[in-house]
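**Q** using only what follows, build the 3D model:
(chains A and B)
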Amino acid sequence: MKAIKLLFISMLMVSFSGFAQEAEQAEEPKAEEHYNINKFRQLYQEFSTPNQYRSASGAPGPKYYQQRADYEMDIRLDDENHHIYGYETITYTNNSPDVLDYLWVQLDQNMRAKDSKTPLIEGGGVAPFAQPAGFAGEYLSEPFDGGFNIKKVLDSKGNPLKYMINQTMMRVEMPKALAPGKKFEFDIEWDYNVNNHVEGRGRSGYEEFPDGHRAYVIAQFYPRMCVYNDVEGWQNSQFWGRDEFALPFGSFEVNITVPEDHWLDGTGKLTNRKDVYSSEELRRYEMAQRTYDEPVVIRTQQEAEKLAMMPGATKMKTWKLKADYVRDFGWTSSRRYIADAMAVKVGDKDVMAVSIYAPEGNPLWEQWSTKAVAQTLKSYSRMTFDYPYHKAISVHAKNQGMEYPMICWNYGRPDAEGNYSDRVKFGMISVIIHEVGHNYFPMIVNSDERQWTWMDEGLNTFVQYVAEQDMGENYPASIEGLDAYPSRRGPAAAIVPYMAGDQRYIAPIMSKGLNTYQFGSNAYGKPGTALNILRETVMGRELFDYSFRTYSQRWMFKHPTPEDFFRTMEDASAMDLDWFWRGWFYTTQFNDMGIKSVDKFYVSADMNQEMKDYLEERNIPKDRVPQLVYMVKEGSEDYKEEMKGKAPSEVVSDLKDYMMDNFTAEQRAAMKEPKYFYQITVEKPGGLVMPIIIEYTYADGTTETATHPAEIWRLNDKEVSLSKATQKEIVGIVIDPKLETADIDTSNNSWPQEPKVDKFEEMKQ
Amino acid sequence: MKYIFLFLLMPFLSQASYGNHDADELRFRESVNITAHKYYLSVSNLKYNAKVGALQMTSRFFIDDLEDVLSARADENIILTEDGNLTKHKQLIGDYFTSRLRVKVDGDLIPIDYLGSEIDNDQLVLYIEIPVDREPLEIEMRFTALMELFEDQKNMVHLKIRGERKTLLMVAKKKIDSVKF
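**A** Got it, this is the predicted structure:
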């Protein structure tokens, strides 16, 4: 008898759903033919096919290669005329399987050349009014000539090489093509005018102080090799001023000659410390190497101020720096510098956290810069790999933050009286964490910044958020008066204004930086937040952190592409995240979910209207239907008040019989029969697919949260109905109660609808 | 939790950071690689509230830029913080925006009503009402806040009228913009 009953029920089910389909087809016009538009389809169209260079796992393939460029340089700074003279020998190693007919060298400073095309791609038109300085700069003065003056390009025997300059790139012809595995050595002599980075802005240049002395933060100061690789061939995208750099790894030996009263530091190990430090400075430095809690001042404010009051040395001194496994070189020099340092334990190694700043940076810099560097090294090393270099320097430059291997410049300056607001302080700590963090992305995990700004900025913004929160925990004095570090970027809710914005001014993350509208949100905020959401809400910390570390370690000192990142995150976690990458990185979709309706159901033994209608349609007599468990919607015709809160087995005798026949007394005692049944219909006006995080509040005040994976949207992208059976009555339902999915409109996320807080009315009181 | 209130209010939200690096910006400011904003933009959202009988507008300005402008005008150092400074300077902020924001609704110039403001991270959120008795057909704005100090300041206003969304954009070389619904 039981078997027949079950058969009947299953037939009913089949025909029910069949019936529903027929009805739908009859009413709706025929849907359009289409390609696979399911949001959970794989990214086969977007990704290139894995190959011997780059594996499907996201790891470097068995034939992965990268080129190498080694530099020996002599640099001289003419402080008086803010002019740099340079001579370099580049040894380029062709590790590719290709024969290279020519080499490409980057001349980034040509962006500042008189004939630079950078101003010509700006379509701003004529401004109707301007500040005098701006007007003079635009119309009255000769444009600043900050391009490279290439004096000589020679082979190793001193013979001139043919070269051609195309804006910010120079093609060098070799006497014969460079075969795989071969090296080519050549020399370049050049000089250029250093720009004032405070007036004209820039990633490099000098600041002039009222006393006439200058502080230099110098980068892109030498002709440097372009990247040649398996995805782009020669990196051939010009430097227009925004998209940063793509550079091969190599070693650097750089001798920099500056006035003898300058304090200098840069990428690499200082190999002649004894020649350039005073014995007192040397003693203090050695003390700093043994001090782990507070920075030790190596050149004091008093000493810097004393030098600043003097006319400035004319005698010169040479600082020698040597670096291995770096992709670039930066340095700083001034007679007005204070320097402090302390040791940081990273793994089993000591790393020096160093800060260099003019007196204008105090009292802020002496307090927080070196500690922010130390926190960055600890947090980033935990999230990725142990910091492999021996030092990390934070240099104070007005108005700018910019990163180079082992050294970066950061803003954050008190006013003339030495006062600063919390905003200035947190701005400074954040930028230091960010720029020191760039040592990991892209200085070590060396992605192509020219093509994919988000690969370093987005990943870095994400880890920056982690490090900022650590800073608040480990240095409570830095956030005095607050519960946590006030991160600008990272929390899901902070990206909502951008996600909800005008679609005309939003580009997908997978865009070249130069071509995006809202650069900061596009390349920093959104990818940083997406990764934070991926970690906290989609994958969980354990899976995410393992995968993120795997990516970082696989691509340490190598050149990853976006796919290498996406593939590794899936490969190391056993999570198919194609839907996440597609939505967050390849589209401008936003997340918007809402509760459309909530229906309550109760169990009844009496045939409900749905069944009656069904039987009538098919002319089936009612007595042919065995006893079924009927669900009755509250408020429907079948609903009666007394149905509420009853256990199903009390109501339906056949269910009771089934339980008695099939379960032991012990099993029955352990059963928790639900009395309340809910159908929650969630609608999704937004295009992004995200998990549904739903919080139920019961009549007794307790809450329960369930997370439905994003795959819940796989068959219907607009609307899904969830069911919830419970012993206790539900009095409230909220979607995304902790604001972790960047839902752009939370006014429809609650049931019953919460009264809106009217901020306008509040303001009127 | 602060965010909740903001989001309830603004189903149609602003871009906190419309880093518009088009126009002549790159030329003057190469350094866009940093974490802080190096662009000058305010984003406002406006919609009609029939119950109140007013257009209600929230505007977001970067606090540091606003402090610079207010300080320059007042010849004293204006700092906007939550610890009472905001209340202290309410009049100053209100007067400033009343002078820099002119709104014409269906051809009539309507004085704005500055209600107050609050700090959200590095931005100040202003609450402004423009009293009108019916949902407008045409809105014209002249919104020149901060342009006297920052040449490339852009003031962008997203409007939602009768369910239709449109945007006004005011820049130094086009200080007035209007839209019909």
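**Q** am I right that residue A:631 is in contact with residue A:600?
**A** No. No contact is recorded between residue A:631 and residue A:600 when judged using Cβ atoms under 8 Å, the distance being 10.1 Å. For the C-beta atoms, the positions are set from N, CA and C on the backbone; glycine is no exception.
**Q** any common contacting residues for these two?
**A** Between them, residue A:631 and residue A:600 have residue A:677 as joint contacts when contacts are counted by Cβ atoms under 8 Å, 6 or more residues apart in numbering or on different chains.
**Q** least trustworthy helix or strand in chain B by mean pLDDT?
**A** Ranked by mean pLDDT, DSSP states H and E, the helix or strand of chain B with the weakest confidence is helix B:25-28, at a mean of 26.
**Q** and the next helix-or-strand element following that one, what does it pack onto?
**A** Once helix B:25-28 ends, the next helix or strand along the chain (criterion: DSSP states H and E) is strand B:41-49. Under the contact criterion of 3 or more Cβ pairs under 8 Å, 6 or more residues apart in numbering or on different chains; DSSP states H and E, strand B:41-49 touches strand B:54-62, strand B:154-161.
**Q** please name every helix or strand in contact with whichever helix or strand residue A:307 is part of.
**A** Secondary structure from DSSP H and E places residue A:307 in helix A:301-308. When contacts are defined as 3+ Cβ pairs under 8 Å, 6+ apart, helix A:301-308 packs onto strand A:338-346.
**Q** what about the strand it packs on, distance to the chain center?
**A** Averaging C-alpha coordinates over strand A:338-346 and over its chain gives two centres that are 27 Å apart (Cα atoms, centre = their mean, to the nearest Å).
**Q** go on, stretch A:547-555?
**A** Stretch A:547-555 has its average C-alpha position 15 Å from the chain's average C-alpha position, going by Cα atoms, centre = their mean.
**Q** again, but for stretch A:333-344
**A** Distance, centroid of stretch A:333-344 to centroid of chain: 30 Å (Cα atoms, centre = their mean).
**Q** quick one, what contacts the residue nearest the centre of chain B?
**A** Here the mean C-alpha position of chain B is nearest to the C-alpha of residue B:59 (Cα atoms, centre = their mean), at a distance of 3.5 Å. Taking Cβ under 8 Å, 6+ apart, we find residue B:59 in contact with B:42-44, B:97, B:125-126, B:128, B:157.
**Q** make it 7 Å
**A** Listed by Cβ atoms under 7 Å, 6 or more residues apart in numbering or on different chains, the contact partners of residue B:59 are B:42, B:44, B:126, B:128.
**Q** now the residues you listed as a markdown table including pLDDT?
**A** As requested, the contacts of residue B:59 are exported to a markdown table (pLDDT from 0 to 100):
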| residue | pLDDT |
| --- | --- |
| B:42 | 87 |
| B:44 | 90 |
| B:126 | 94 |
| B:128 | 96 |
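**Q** quick one: buried ones out of those?
**A** With neighbours counted using 16 or more other Cβ atoms under 10 Å in any protein chain shown, these contain these buried positions: B:42, B:44, B:126, B:128.
**Q** contact residues of the stretch 501-650 of chain A facing chain B?
**A** For the stretch 501-650 of chain A, the residues found near chain B under the criterion Cβ under 7 Å from any Cβ of the partner chain are A:501-502, A:505, A:517-521, A:524-525.
**Q** so which of the residues you listed is the most crowded?
**A** If you count neighbours using other Cβ atoms under 10 Å in any protein chain shown, the busiest of those is residue A:521, which has 29 neighbours.
**Q** which one is that residue nearest to, not counting chain neighbours?
**A** For residue A:521, ignoring the flanking residues on the chain, the nearest one in space by Cβ to Cβ, 6 or more residues apart in numbering or on different chains is residue A:498 at 4.0 Å.
**Q** part of a helix, is that neighbour?
**A** Yes. Using DSSP: H, G, I helix; E, B strand; the rest coil, the secondary structure at residue A:498 is a helix.
**Q** does it touch residue A:519 like I think?
**A** No. Residue A:498 is not in contact with residue A:519 according to Cβ atoms under 7 Å; the separation is 11.3 Å.
**Q** and residue A:391, how close does it get to residue A:453?
**A** Shown here: residue A:391 relative to residue A:453, a distance of 27 Å by Cβ to Cβ, to the nearest Å.
**Q** neighbour-wise, which of the two wins?
**A** Taking neighbours as other Cβ under 10 Å, residue A:391 and residue A:453 compare with residue A:453 leading, 28 against 22.
**Q** thinking that one is in contact with residue A:511, fair?
**A** No. Counting by Cβ under 7 Å, residue A:453 sits too far from residue A:511 to count as a contact (8.7 Å).
**Q** what residues are up against residue 144?
**A** I'll assume chain A. Neighbour list for residue A:144: A:112, A:195, A:200 [criterion: Cβ under 7 Å, 6+ apart].
**Q** could you do chain B instead?
**A** With the criterion set at Cβ under 7 Å, 6+ apart, residue B:144 makes contact with B:100, B:175.
**Q** and it, its phi and psi?
**A** Reported as degrees, to the nearest 10, the phi and psi values for residue B:144 are phi -110, psi 10.
**Q** quick check, pLDDT for it.
**A** Residue B:144 is assigned a pLDDT of 95 by the prediction.
**Q** quick check: it vs chain A, distance?
**A** Here residue B:144 is placed at a distance of 11 Å from chain A (Cβ to the nearest Cβ, to the nearest Å).
**Q** from residue B:130, how far off is that residue?
**A** Counting by Cβ to Cβ, the gap between residue B:144 and residue B:130 amounts to 17 Å.
**Q** let me know the pLDDT of residue 122.
**A** Just going to use chain A. In the prediction, the pLDDT value recorded for residue A:122 is 72.
**Q** looking at chain B here, not the other one
**A** As summarised for this prediction, residue B:122 has a pLDDT of 79.
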